[in-house]
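Provided below for reference: sequence and predicted model.
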Amino acid sequence: MQANNKTVVKSMQILTLFIKHPKLTFTEMMEYSGVPKTSLHRMVGSLEEMGFLTKDEQGYYSLGLLFLQFGQLVANRLDIRNIAKPVMEALRDEVEEAVNLIVRDGNEAMYIEKVDTLHPVRLYTSIGRRSPLYAGACSRIILAHLPEKEQEEYITQTELAPIGIGTITDQKKLRNVLKEAKEKGYTISTSELENFTTSVSAPIVNHQNEVVAGISVAGIEARFQGDRLPFIIQKVTEAASLISEKLGYQGSLK
């Protein structure tokens, strides 16, 4: 049984290589994974036979169509995506900026849905992208609503490393920004994940009064100036409230 468990772990180790690499040769898989040639050959053969991997004419391996089927099942069962998507599209049309939907995954935030702006100059984010909870408006709005003890443990145990020129790397400042975000019901970030960009985010709450996601409008910093910023804040918070209502929340978001 233990040997079988090791095989499963090593197989997952191989599959996770394709998160960062769309295609890999057998030699590259062996180099990146450190799995011996004989064992790797056996596992790759099994994964290919089951449909988890596919091999093209040039000898490159990639994830098989089975993952597309699994991915679609997961996507369909994430109700929040189906509920939020029409609201996100309407928000995009109103503010003419990209709209993102993010959920917590451990000590990170993960993008699970996005609606792109039609502007030629835009931010390029992708579903599945991750960011630390302390950086970026959409990540931080989730951190702001964690229980105080859990939030403090995260702050004290996490290295607040700079990502963009505006990333908050001071614990005291982060605590103040989190407190303000919870009080106001939204948060703003500038150049935290990418330089010269701005993001405005508000929390999404479910029927159990739990913050389960964050919705944000993000774009080039120059388009979030003057009267545009209050307008975007209003529209983001309204969209968050609407999605929350559709999830069964009956309270009042700020």
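Now that the structure is in, tell me what you want to look at. Residues are numbered from 1 along each chain as shown.

List phi and psi for the closest residue to Leu63 other than its chain neighbours.
Counting by Cβ to Cβ, 6 or more residues apart in numbering, Leu63 lies nearest to Phe18, which is 5.0 Å off, once chain neighbours are set aside. Every residue, glycine included, has its C-beta placed from N, CA and C. Backbone torsions of Phe18, given as degrees, to the nearest 10, read phi -80, psi 0.

Next one: the most far-flung residue of the chain relative to its centre from Phe26, what distance?
Each residue of the chain has a distance to the centre, and by Cα atoms, centre = their mean the biggest one is for Thr38: 36.6 Å. Relative to Phe26, Thr38 is positioned 12 Å away (Cβ to Cβ, to the nearest Å).

picking up where we left off before, what about the residue nearest to Leu63, how many neighbours?
By other Cβ atoms under 10 Å, the residues close to Phe18 number 17.

residue contacts, it?
Going by Cβ atoms under 8 Å, 6 or more residues apart in numbering, Phe18 touches Leu24, Tyr61, Ser62, Leu63.

Also Tyr186?
Ile141, Val200, Ser201, Ala202, Ile233, Val236, Thr237, Ala240, Lys254.

from those residues, which is closest to Glu152?
Nearest to Glu152 out of those is Ile141 (Cβ to Cβ; 17.3 Å).

So that closest one, which state does it fall into?
Three-state assignment for Ile141 (DSSP: H, G, I helix; E, B strand; the rest coil): helix.

My read is that it contacts Ile204, right?
No: with contact defined as Cβ atoms under 8 Å, Ile141 does not count as touching Ile204 (9.0 Å).

anything in contact with each of those two?
Going by Cβ under 8 Å, 6+ apart, residues that sit against Ile141 and also against Ile204 are Val211, Gly214.

buried ones in the helix or strand harbouring Asp93?
According to DSSP states H and E, Asp93 maps onto helix 79-95. Within helix 79-95, the residues that count as buried by 16 or more other Cβ atoms under 10 Å are Ile80, Arg81, Ile83, Ala84, Lys85, Val87, Met88, Ala90, Leu91, Arg92, Glu94, Val95.

Lowest average confidence across helices and strands of the protein, where is it?
One helix or strand of the chain scores below all others by mean pLDDT, DSSP states H and E: helix 65-77, with a mean of 69.

need the helices for this structure, in chain order.
2-20, 26-33, 37-50, 65-77, 79-95, 137-144, 148-157, 171-184, 228-246 (DSSP state H).

Which one, of these, ends up nearest to Ala213?
helix 79-95 (5.8 Å).

just how off-centre is the closest one within its chain?
16 Å (Cα atoms, centre = their mean, to the nearest Å).

pLDDT on it, on average?
Helix 79-95 carries an average pLDDT of 92.

gap between Thr169 and Arg223?
In terms of Cβ to Cβ, Thr169 sits 26 Å off from Arg223.

so where is this protein shaky, pLDDT-wise?
Within the chain, the segments meeting pLDDT under 70 span 1-5, 72-78, 119-124, 252-254.

Domain-wise, how is it divided?
With domains defined by automatic domain parsing, the chain comprises 2-69, 78-246.

Thought Met50 was touching Phe67, still the case?
No: judged on Cβ under 8 Å, Phe67 makes no contact with Met50 at a distance of 11.1 Å.

higher neighbour count, those two?
Between Phe67 and Met50, counted using other Cβ under 10 Å, the more crowded position is Phe67 (16 against 11).

sorry, back to before: which one among the buried residues of helix 79-95 gets closest to Val8?
Using Cβ to Cβ, the buried residues of helix 79-95 come closest to Val8 at Arg81, 28.6 Å.
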